[in-house]
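>>> Predicted model and sequence below, questions to follow.
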Amino acid sequence: MPPRPLTRLRKLALALPEAHEVEAWGEPTFRVRNKLFAMHASVGTHHTQGREAVWVKASPENQDLMIHAYPHRFFRPPYVGTSGWVGVYLDGAVDWEELGELLRDAWRMTAPKRLIRAHEE
């Protein structure tokens, strides 16, 4: 049996330098130096319309491109969507490599510049 989506999400997010998990609003959130770069949204909440998802920090431009190109995979999440965050559905066929890249980009947008430089060398 393949790992649950949350298990795979945790593995990707927590592999990033100094990433850690904090439960907030009843959900796992992923942070670097306590700044949020991704958050899980479980099926049982009113935030996902019955679909498991992750919300990932992104630029408004990238958010628009992803949602318009693949509306069956990406969506504008409530609350943080106006700031460019993008929702990624975790049910169905998930491109885990792509999600890993999105998480790395979100981490880079959030982590202090010194930390980014230290891990890019």
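On my side now, so go ahead.

>>> avg pLDDT for stretch 87-96?
In this model, stretch 87-96 has an average pLDDT of 92.

>>> for stretch 42-58, same thing?
What stretch 42-58 shows for mean pLDDT is 82.

>>> mind listing what's buried in it?
Neighbour counts over stretch 42-58 (16 or more other C-beta atoms under 10 Å) mark 42, 47, 48, 52, 53, 54, 55, 56, 57, 58 as buried. (Glycine included, C-beta is placed from N, CA and C.)

>>> Which parts of the protein are helices?
5-14, 60-69, 96-110, 113-120 (DSSP state H).

>>> any idea how far residue 11 lies from residue 55?
Counting by C-beta to C-beta, to the nearest Å, the gap from residue 11 to residue 55 is 18 Å.

>>> circling back to that earlier point, as a markdown table, the buried residues of stretch 42-58 with distance to residue 66 would be great.
Listed next are these as a markdown table, based on distance: C-beta to C-beta, whole Å:
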| residue | distance to residue 66 |
| --- | --- |
| 42 | 22 |
| 47 | 18 |
| 48 | 17 |
| 52 | 18 |
| 53 | 13 |
| 54 | 13 |
| 55 | 13 |
| 56 | 10 |
| 57 | 13 |
| 58 | 8 |
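
>>> Nearest the geometric middle of this protein, what residue?
The centroid of the chain falls nearest to residue 56 when counting by C-alpha atoms, centre = their mean (3.0 Å).

>>> Pipe the helices of the chain into TSV and attach mean neighbour count and distance to residue 88 per row.
Listed next are the helices of the chain as TSV, based on neighbours: other C-beta atoms under 10 Å; distance: least, C-beta to C-beta, whole Å:
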stretch	mean neighbour count	distance to residue 88
helix 5-14	17	9
helix 60-69	14	8
helix 96-110	18	6
helix 113-120	11	22
